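Novice: when you get a sec, could you give me coordinates for this:
(one chain, ligands or ions: 1)
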Amino acid sequence: MRLESPSGDVAALNRCGGALAHHMTALGGRVTPIAAPGAGDHLRAEFGTGESQVLVLGHFDTVWPVGQLERMPVRLEDGRLYGPGSFDMKAGIAQALLAVRAIADTHRRRPHRLVMLWTTDEEIGSTTSRGLIESEARRSRAVLVLEPSLPGGALKTARKGVGEFRVRANGIASHAGVDPTRGASAIHELAWQVTRLTELTDPATGVTVNVGLISGGSRSNVVADLAEAVVDVRIPTMADAARVTSAITQLVPRDSRVQIEVSGGIDRPPLERTSQVAALFDLAAVIAADMGRTLAEGATGGGSDGNFTAALGIPTLDGLGAEGDGAHALHEHVLVESLAFRAALVAGLILNVK
Ligand SMILES: [Zn+2]
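Specialist: A predicted model of the protein is given here:
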C-alpha cells in the first residue's frame with residue numbers, strides 16, 4: 001500500500017483510511033469511520049460478538065509529508081522493507097489484519113469481541129482521538145498496542161509520561177546604557193530559571209527536563225521585557241508528574257520585579273509497569289515460547305496512545321508491532337522475517353486474554 005498519510009493532511013489520511021476500511025470489511029469487520037475536526041476519520045472496526053472486548057490500538061498517521069515516497073521509495077533489501085511509516089506503524093496494522101485472518105482460518109471460537117481502533121492524530125498529540133481511545137479502553141479486558149517494538153523485538157511494558165510547559169518571564173524594558181537599573185531583564189531572569197529547570201532532571205529516577213526552545217528580547221541595547229522557554233518533561237510515574245509539575249508551576253522569580261507565568265502540563269500520563277501490565281507480558285512470553293521464541297520487555301521515554309489506556313488501569317501491552325528501526329528517520333524499515341511471528345503473537349493474545 002503506497003498511500004501516504006501525514007498527520008493533519010485530511011485528504012491523504014482519508015485516502016489511506018478508505019483502503020484500510022476496505023481491507024477490514026473484507027475480513028468481516030464492521031467498520032465505522034469517526035469524523036475528527038482537522039484530522040482524518042479515525043477508524044473503528046468490530047470483529048465477532050461477545051460481551052467482553054479486547055482492543056487493538058494504533059494509528060495510521062505518519063510524520064512524513066506527501067511526496068516523501070519519492071525520497072524514501074518503498075523497497076525490499078536484505079530482508080528489510082523500507083518506506084515512510086513502515087515501522088511507525090503501518091506494519092503493525094498489517095500484522096493485526098494478518099492476525100484476524102489467521103484466527104478466522106482456525107475457526108476457533110473467539111472468547112471476546114475484538115475492536116480495532118486506528119487513529120489519525122497520534123503523531124500530533126492525539127487531541128481528537130483521546131476521548132475515543134479512553135472510552136473504548138474502558139470497555140476492554142486488555143489493550144494491545146501495535147506500535148513498533150524496541151530494538152531486538154522487545155515489548156514495551158513501561159513508557160514515560162510526557163508534558164510540555166511554557167515558561168514566560170515578563171520584565172521591564174529600559175535603555176541598557178542610559179537607564180540600566182530601571183529595567184528588569186526577562187532574559188536574565190529566564191536564564192536563571194532555566195538552570196533551576198535543568199536541575200529537575202534526575203538520572204536515578206529517569207525524570208528528564210529539556211528546555212528545547214527559548215526566545216526573547218528585541219535588541220542588544222534594550223533590557224528585555226519578555227522572554228519565553230518551552231520545556232519538554234518526561235516522567236516515569238504519576239508521583240514524579242505531580243512533583244515536577246508543582247516545581248515548574250511554582251518557580252519563584254529571583255528578581256521580584258519580573259513576573260513568571262507558566263502554562264501547559266502533562267499531556268500523556270506514564271504507562272507504568274503495574275502487575276496487570278506484567279501479567280499481560282507474561283502471557284505474551286508464554287505464547288512466544290510455544291513458538292520457540294524468547295520475548296523480552298523494556299521501557300522507553302517516548303509516549304504513545306497506550307499511555308492513556310494504561311493510566312485508566314486497563315492492562316496494556318505496547319510495542320507489539322514490527323521489528324525494525326528508524327522511526328521518524330530516513331532509514332525507517334521493518335524486518336520482513338519478523339512479521340509472521342509478530343502477527344501470530346497478536347493472534348495468540350487476542351485468543352488468550354482472560
Ligand atoms: Zn507510532
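Novice: and stretch 76-87, anywhere near the ion?
Specialist: No: with Cβ under 5 Å from the ion as the measure, stretch 76-87 is seen stopping short of the ion, the closest distance being 8.7 Å. Glycine gets a C-beta too; all of them are placed from N, C-alpha and C.
Novice: and that stretch, what's its mean pLDDT?
Specialist: The predicted model gives stretch 76-87 an average pLDDT of 97.
Novice: repeat for stretch 239-258
Specialist: Averaged over stretch 239-258, pLDDT sits at 97.
Novice: assumed residue 101 was part of a helix.
Specialist: Yes: inclusion of residue 101 in a helix is indicated when DSSP: H, G, I helix; E, B strand; the rest coil is applied.
Novice: buried residues, the helix or strand hosting residue 35. List them.
Specialist: Taking DSSP states H and E as the definition, residue 35 sits inside strand 30-36. Under the neighbour-count criterion of 16 or more other Cβ atoms under 10 Å, strand 30-36 has 31, 36 buried.
Novice: and the direction of the next helix-or-strand element following it versus that of strand 30-36, what angle?
Specialist: Read in the C-terminal direction, the helix or strand following strand 30-36 is strand 39-47, with elements assigned using DSSP H and E. Relative orientation of strand 39-47 with respect to strand 30-36: 160 degrees, computed using axes from the mean of the first three to the mean of the last three Cα atoms, to 10 degrees.
Novice: contact partners for the most centrally placed residue in the chain?
Specialist: Central residue check for the chain by Cα atoms, centre = their mean: the C-alpha nearest the mean position is that of residue 304, 2.2 Å away. For residue 304, the contacting residues are 122, 145, 147, 156, 159, 268, 271, 318, taking Cβ atoms under 8 Å, 6 or more residues apart in numbering as the criterion.
Novice: how about those in JSON lines, adding distance to residue 172?
Specialist: Listed next are these as JSON lines, based on distance: Cβ to Cβ, whole Å:
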{"residue": "122", "distance to residue 172": "43"}
{"residue": "145", "distance to residue 172": "50"}
{"residue": "147", "distance to residue 172": "48"}
{"residue": "156", "distance to residue 172": "48"}
{"residue": "159", "distance to residue 172": "43"}
{"residue": "268", "distance to residue 172": "37"}
{"residue": "271", "distance to residue 172": "44"}
{"residue": "318", "distance to residue 172": "49"}
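Novice: filter these down to just the ones in strands.
Specialist: When those are checked against strands (DSSP state E), the matches are 145, 156, 159, 268.
Novice: count the neighbours of the last one for me.
Specialist: This means residue 268. In terms of burial, residue 268 registers 24 neighbours under the definition other Cβ atoms under 10 Å.
Novice: that one contacts residue 133, correct?
Specialist: No: with contact defined as Cβ atoms under 8 Å, residue 268 and residue 133 do not form a contacting pair (11.2 Å).
Novice: between these two, which contacts overlap?
Specialist: When contacts are counted by Cβ under 8 Å, 6+ apart, residue 268 and residue 133 have 126, 308 as shared neighbours.
Novice: for the residue of the stretch 101-250 of the chain found nearest the ion, grab the count of nearby residues.
Specialist: Distances from the stretch 101-250 of the chain to the ion, computed as Cβ to the ion, single out residue 147 as the nearest residue at 4.8 Å. The criterion is other Cβ under 10 Å. On that basis, residue 147 has 26 neighbouring residues.
Novice: so what's it up against?
Specialist: Applying Cβ under 8 Å, 6+ apart to residue 147 gives the contacts 58, 88, 89, 92, 156, 304, 306, 318, 319, 320, 321.
Novice: for residue 315, same thing?
Specialist: Contacts of residue 315 by Cβ under 8 Å, 6+ apart are 141, 142, 143, 274, 276, 277, 279, 280.
Novice: which residues touch the fifth one?
Specialist: In other words, residue 276. Counting by Cβ under 8 Å, 6+ apart, residue 276 makes contact with 313, 314, 315.
Novice: can you list phi and psi of the first one for me?
Specialist: If I follow you right, that is residue 313. As for residue 313, its main-chain torsions (degrees, to the nearest 10) stand at phi 90, psi 10.
Novice: who in the protein is up against the ion?
Specialist: If contacts are counted using Cβ under 5 Å from the ion, the residues of the chain sitting beside the ion are 88, 89, 147.
Novice: what stretches of the stretch 1-150 of the chain score poorly on pLDDT?
Specialist: Within the stretch 1-150 of the chain, the stretches falling below the threshold (pLDDT under 70) are 1.
Novice: give the contact list for the nearest residue to residue 209 once chain neighbours are set aside.
Specialist: Counting by Cβ to Cβ, 6 or more residues apart in numbering, residue 209 lies nearest to residue 200, which is 4.4 Å off, once chain neighbours are set aside. With contact set as Cβ under 8 Å, 6+ apart, residue 200 has these partners: 207, 209, 233, 244, 247, 248.
Novice: alright, calling it a day.
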